[in-house]
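S.K.: A structural model of the following input is requested.
(chains A and B, ligands or ions: 2)
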Amino acid sequence: MNTSTLGRPVDTDEKASALRRRRNRFNRIMLTLTGVCAVVVVVPLLLIFYYLMVAGAGSINLDFFTQLPAPVGEPGGGMANALLGTMFLVLLAGAIGIPIAVGAGVFLAEDGRSPLATVVRFTADVMNGIPSIVVGIFVWAWVVVWMGRFSLLAGGIALAVMLIPMVTRTTEEMVRLVPKELREGGVALGFTRWRTTLGIVLPAARSGILTGVLVALARIAGETAPLLFTAFGNPFWEWRLNEPISALPLLIYQYAISPYDEWHRLAWAAALVLIGLVLAVSLASRFLIRNPYRQR
Amino acid sequence: MIMEKLSDAGERTVGQSPVRSSPSGNRPAPPPRTGEPAPDGGLAVAARDFSFWYGKTQALDSITLDVPVRRVSALIGPSGCGKSTFLRSINRMNDLIPDTRHEGEILLDGSAVYSSGRDVVELRKRVGMVFQKSNPFPKSIYENVAYGPRVNRLVSSRGDMDALVEESLRQAALWDEVKDRLDRSALGLSGGQQQRLCIARALAVSPEVILMDEPASALDPIATQKIEELIHELKDRYTILIVTHNMQQAARVSDFTAFFFMGRLIEIGKTEEIFTNPRQEQTEAYITGRFG
Ligand SMILES: Nc1ncnc2c1ncn2[C@@H]1O[C@H](COP(=O)(O)OP(=O)(O)OP(=O)(O)O)[C@@H](O)[C@H]1O
Ligand SMILES: [Mg+2]
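M.R.: Ligands and ions are numbered 1, 2, ... in the order given. Got it, this is the predicted structure:
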């Protein structure tokens, strides 16, 4: 029998190359299919952005960022108070939620096998899946009813309840990613466990944690449902903790379901601004993701 | 610091009150053959019938050995024989691993490392460690060295700290290479420089004993040579215990060599003797490369 240089019988070379062709074809088809899926992921964002630009960009002007909403029927006006309100709400939620979430995340990473950690982790995962309207109702029942009024505080708490499980889990993941050699390096120098965690492990995980925090802040900045029964909305300037406050998503909701064309245009504009904010924060977090072990 | 002169070979007690949490049982442990004592005498570290378990796996079996002060002692033996476990038992790094237990005792300068009142943090300040994989903190070069002394409150003024950082980096033979970029990230250094930085970091808290677990295994020959020269320099001031898989390295840098096999100490002695005239057949087989 003839053999090829590789010692294989010649008559199988035909088969082998047919097999190779088939494999290559399969490879190409799969690549194309997954590529199409990837494009489908991007399309909605592009469409949303395009549509918002068309429908909303025209209403964005200086007034939009500096004026209160105009009364029905009057043209112009802006959403300055809602922008400010969203800022306050997000800051308040961050101030309440970030320390708790980072603390809990560090605990989960440090003491991950204890029963408490198991319970906390499970709870955080469940909380991550709870519909945001439920969070709104829950905070209404506890905070709003207790205070007797809608308020910035209640809205901030509702958003914090959304934020805490997200940041807890990302913090845990990020702290876990810190190589154990680094912790051992600290312990071997005679540092207490606590000092090692705060002084060495946390700084090493810092950029990852910050990214998680930014993503979570961007998420809650766009939440409407938790604010419906808590922050409630307010047509005027407001910054006091115990008063209802306006927020961009609330205004979008309110304006979009109104019968007025002018308000519809403003809702589109507000949506555009909101998406712009979220996009900006996401981009910022992209830059922070860079490896902390990267050389300077 | 060192409490007692080394008298004879054989079973010895060190310090006033040797702690033995377990009797040696009925297995007569062969008396360890230690090399001659250091001229100024004394033991930095001594293990007495020390055994160690990870869960149900026994990693060390009745280790009894002496580490003379201000000498370099090498631990050799095939992979998995317990060298790292022994090293990490001395500064109790194994405490970080759940489900471990030990029997017997390790003495540092005569006092029991595992006694219940022992301050582990203080122990680890006295016993520094350099790891196989260099692990500089993600901080500046300066901070890597200064962080330990600052946390442990060893210096009070900024000037003292600068002096300590310089001295530590000089001792680690790194000063000239980094003096112009002390504020840059330590992660920008080469592997060999990072390892010397870790040595400087360990020196900065003024330990008495330095444990090195394969400190040069990830380095090229030139960086390895630097580390070896460094070890040579340091042995005037510190007691050094080094784990290595490199027989030539053990022969070059150490005064005493201990051969571990399957969790047991097979033989310990002066390095020349171990390498030229080992008593145990297993030792000879290992160092001549017949197994391991
Ligand atoms: N964290 C751990 N958990 C469970 N078993 C361990 C752990 N670390 C080590 N062991 C086991 O203990 C034994 C001794 O391991 P050790 O790391 O001390 O060996 P070694 O001599 O340092 O080996 P090497 O030369 O490969 O570094 C091995 O059987 C190992 O599998
Ligand atoms: Mg090892």
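S.K.: Strands of the stretch 51-200 of chain B, start to end?
M.R.: B:57-68, B:72-76, B:100-108, B:111-112, B:127-130 (DSSP state E, counting those that start in this stretch).
S.K.: Least confident of those strands, on average?
M.R.: Across those, strand B:111-112 has the smallest mean pLDDT, namely a mean of 90.
S.K.: mind listing what the closest residue to residue A:241 other than its chain neighbours touches?
M.R.: The spatial neighbour of residue A:241 that comes closest, neighbours along the chain excluded (C-beta to C-beta, 6 or more residues apart in numbering or on different chains), is residue A:153 at 4.6 Å. Glycine gets a C-beta too; all of them are placed from N, C-alpha and C. Taking C-beta atoms under 8 Å, 6 or more residues apart in numbering or on different chains, we find residue A:153 in contact with A:92, A:143, A:147, A:241-242.
S.K.: so what pLDDT did residue A:153 get?
M.R.: Residue A:153 is assigned a pLDDT of 94 by the prediction.
S.K.: looking at this, it is in a helix?
M.R.: Yes - counting by DSSP: H, G, I helix; E, B strand; the rest coil, residue A:153 is part of a helix.
S.K.: any idea how far it is from chain B?
M.R.: When distance is defined by C-beta to the nearest C-beta, to the nearest Å, residue A:153 is 38 Å away from chain B.
S.K.: Check residue A:129 too.
M.R.: Taken as C-beta to the nearest C-beta, the span from residue A:129 to chain B is 31 Å.
S.K.: Check residue A:176 too.
M.R.: Computed with C-beta to the nearest C-beta, the distance linking residue A:176 and chain B is 15 Å.
S.K.: Pipe the contacts of residue A:153 into CSV and attach pLDDT, distance to residue A:170 and secondary structure per row.
M.R.: Shown next, in CSV, are the contacts of residue A:153 (pLDDT from 0 to 100; distance: C-beta to C-beta, whole Å; DSSP: H, G, I helix; E, B strand; the rest coil):
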residue, pLDDT, distance to residue A:170, secondary structure
A:92, 96, 20, helix
A:143, 93, 26, helix
A:147, 92, 31, helix
A:241, 88, 28, coil
A:242, 88, 32, coil
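S.K.: quick check, nearest of those to residue B:142?
M.R.: residue A:92 (38.7 Å; C-beta to C-beta).
S.K.: Just list the residues touching the closest one, thanks.
M.R.: A:152-153, A:155-156, A:159-160, A:241.
S.K.: Just the closest of those to chain B, please.
M.R.: Using C-beta to the nearest C-beta, residue A:160 is the member of those that sits closest to chain B, with 29.8 Å.
S.K.: Any of the contacts of residue A:92 buried? List them.
M.R.: The neighbour count (16 or more other C-beta atoms under 10 Å in any protein chain shown) marks A:152-153, A:155-156, A:159-160 as buried among the contacts of residue A:92.
S.K.: residues near the residue of chain A found nearest ligand 1, how many?
M.R.: Closest contact between chain A and ligand 1, by C-beta to the nearest ligand atom, is at residue A:180 (10.2 Å). Residues near residue A:180, counting by other C-beta atoms under 10 Å in any protein chain shown, number 11.
S.K.: Same question for the one 3 residues further on.
M.R.: Residues contacting residue A:183 under the criterion other C-beta under 10 Å number 21.
S.K.: So it is in contact with residue A:194, correct?
M.R.: No - look at residue A:183 against residue A:194 with C-beta atoms under 8 Å: they stay out of range, at 11.8 Å.
S.K.: Pick out the most distant pair among the contacts of residue A:153.
M.R.: Counting by C-beta to C-beta, the most remote pair of those is A:92 and A:147, 14.5 Å apart.
S.K.: dump the residue contacts of residue A:72.
M.R.: Per C-beta under 8 Å, 6+ apart, neighbours of residue A:72: A:260, A:263.
S.K.: how much space is there between it and residue A:265?
M.R.: Counting by C-beta to C-beta, to the nearest Å, the gap from residue A:72 to residue A:265 is 14 Å.
S.K.: now do residue A:63
M.R.: Taking C-beta to C-beta, one finds residue A:63 at 13 Å from residue A:265.
S.K.: Write out the residues of the stretch 1-150 of chain B neighbouring chain A.
M.R.: B:91, B:93, B:96, B:98, B:121-125, B:128-129, B:131, B:133, B:135-139, B:147-148 (C-beta under 8 Å from any C-beta of the partner chain).
S.K.: Separate out the buried members of the residues you listed.
M.R.: B:91, B:93, B:123-125, B:128-129, B:131, B:133, B:135-139, B:147-148.
S.K.: Which elements pack onto the biggest helix by length in chain A?
M.R.: The longest helix of chain A (DSSP state H) is helix A:11-56. Contact here means 3 or more C-beta pairs under 8 Å, 6 or more residues apart in numbering or on different chains; DSSP states H and E; on that basis helix A:11-56 packs against helix A:261-288.
S.K.: Give me the buried positions along the helix it packs on.
M.R.: Buried, per 16+ other C-beta under 10 Å, within helix A:261-288: A:262-275, A:277-278, A:281, A:285, A:288.
S.K.: what does stretch A:127-145 give?
M.R.: For stretch A:127-145, the buried set under the neighbour-count rule, 16+ other C-beta under 10 Å, comprises A:127, A:132, A:135-140, A:143-144.
S.K.: and if you look at stretch B:50-64?
M.R.: In stretch B:50-64, counting by 16+ other C-beta under 10 Å, buried: B:50-53, B:59-64.
S.K.: can you check stretch B:279-292 too?
M.R.: Buried, per 16+ other C-beta under 10 Å, within stretch B:279-292: B:282-284, B:286-287, B:292.
S.K.: ok, now how distant is residue B:128 from ligand 1?
M.R.: Distance of residue B:128 to ligand 1, given as C-beta to the nearest ligand atom, to the nearest Å: 18 Å.
S.K.: just the helices in the chain please.
M.R.: Picking chain A for this. For chain A, applying DSSP H gives helices covering A:11-56, A:62-66, A:80-110, A:115-129, A:132-139, A:145-147, A:152-177, A:180-188, A:193-196, A:202-221, A:225-228, A:248-256, A:261-288.
S.K.: nope, chain B
M.R.: Along chain B, the stretches classed as helices by DSSP H are B:83-90, B:120-126, B:141-151, B:158-171, B:175-178, B:191-204, B:221-234, B:247-253, B:271-276, B:281-287.
S.K.: quick one, what contacts residue A:48?
M.R.: Taking C-beta under 8 Å, 6+ apart, we find residue A:48 in contact with residue A:275.
S.K.: Excluding residues flanking it in the chain, which one is nearest residue 124?
M.R.: Defaulting to chain A. Nearest to residue A:124 is residue A:165, by C-beta to C-beta, 6+ apart, at 4.0 Å.
S.K.: looking at chain B here, not the other one
M.R.: residue A:190 (4.2 Å).
S.K.: This completes my enquiry, with thanks.
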